[in-house]
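J.: whatever this is, show me its structure:
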Amino acid sequence: MHKPEEGVSPMCAYRVIEGGIFGQLCFRRTLFGYMCNKEDCRTRVALGSLVANLLINGSVLLQWTHKAGFELSCWWNGSYTQFECASAQLAAGCRDYMLSELHENIPYRICLRSLGRSGPDRTADKPDCVEFTLPSSGMQDIVIAMTAVGGAICVMLVIICLLVAYITENIMSPATQHTYSYRTHSRH
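T.: You can find the predicted model right below:
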């Protein structure tokens, strides 16, 4: 880990915003100087000053270099529409934020907008945005494989049961055994 630069706090104050409603003020320890490495990080996606580190545990660590307060916005794409995630308002000393409980195989778009300016110039600030999709974990692949194998076993058992029922009904049943009697018919 690196020594924090001037203005970077070891604690990050933030508020989660859901549906336009501000939550309580929360604090978290920052991970200043974190570098994505293969022991705990799958990949790193960067655009502008915003970096998304996709961690092996399914979380995403966002990092940036701006020096101001921020608003973090999040969207994810469904099949036909785009959904907004909970947003966060972050204090000026924050340089990272951890996202957890994200869905796998869903495209996300995360934007960071500076709150440092006020007045007409503030609307001109373009947010830094990153887009990423969390890859599926190995466990999901195992569950899918086990479900497929289990389904195949169930289908085979149903076929075997139907075959046994057919054999029992049509071959073994004494009521359906055919006795042939030959009658002699004579015509006069």
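
J.: separation between Ile21 and Ser49?
T.: Separation of Ile21 from Ser49 (C-beta to C-beta, to the nearest Å): 29 Å. Just so you know, the C-beta spots here come from the backbone N, C-alpha and C atoms, and that holds for glycine as well.

J.: compare those two (neighbour count), which wins?
T.: More crowded of Ile21 and Ser49, by other C-beta atoms under 10 Å: Ser49, with 12 against 8.

J.: these two touch, right, that one and Lys67?
T.: No - using C-beta atoms under 8 Å, Ser49 is not in contact with Lys67, being 10.4 Å away.

J.: where do the helices of the chain begin and end?
T.: According to DSSP state H, the chain carries its helices in the segments 138-167.

J.: quick check: domain ranges of it?
T.: 11-135, 140-176 (automatic domain parsing).

J.: weakest of the ones you listed by average pLDDT?
T.: Within the domains of the chain, confidence is poorest for domain 140-176, with a mean of 78 (mean pLDDT).

J.: list the buried residues in that domain.
T.: Judged by neighbour count using 16 or more other C-beta atoms under 10 Å, domain 140-176 contains no buried positions.

J.: since we're on Phe27, how many residues are nearby?
T.: Neighbours around Phe27, by other C-beta under 10 Å: 10.

J.: need the contact list for it.
T.: By C-beta atoms under 8 Å, 6 or more residues apart in numbering, Phe27 lies in contact with 11-14.

J.: mind listing what Leu61 touches?
T.: 31, 34, 52-53, 55, 96-99.

J.: burial measure for the residue nearest to it when sequence neighbours are not counted, as a count.
T.: Leaving aside its sequence neighbours, Leu61 sits nearest to Asn53 (C-beta to C-beta, 6 or more residues apart in numbering; 4.3 Å). Per other C-beta under 10 Å, the neighbour tally for Asn53 reads 24.

J.: please apply the same query to Asp128.
T.: 21.

J.: before we move on, what about the one 5 residues further on?
T.: Burial measure for Thr133: 16 neighbouring residues, criterion other C-beta under 10 Å.

J.: alright, calling it a day.
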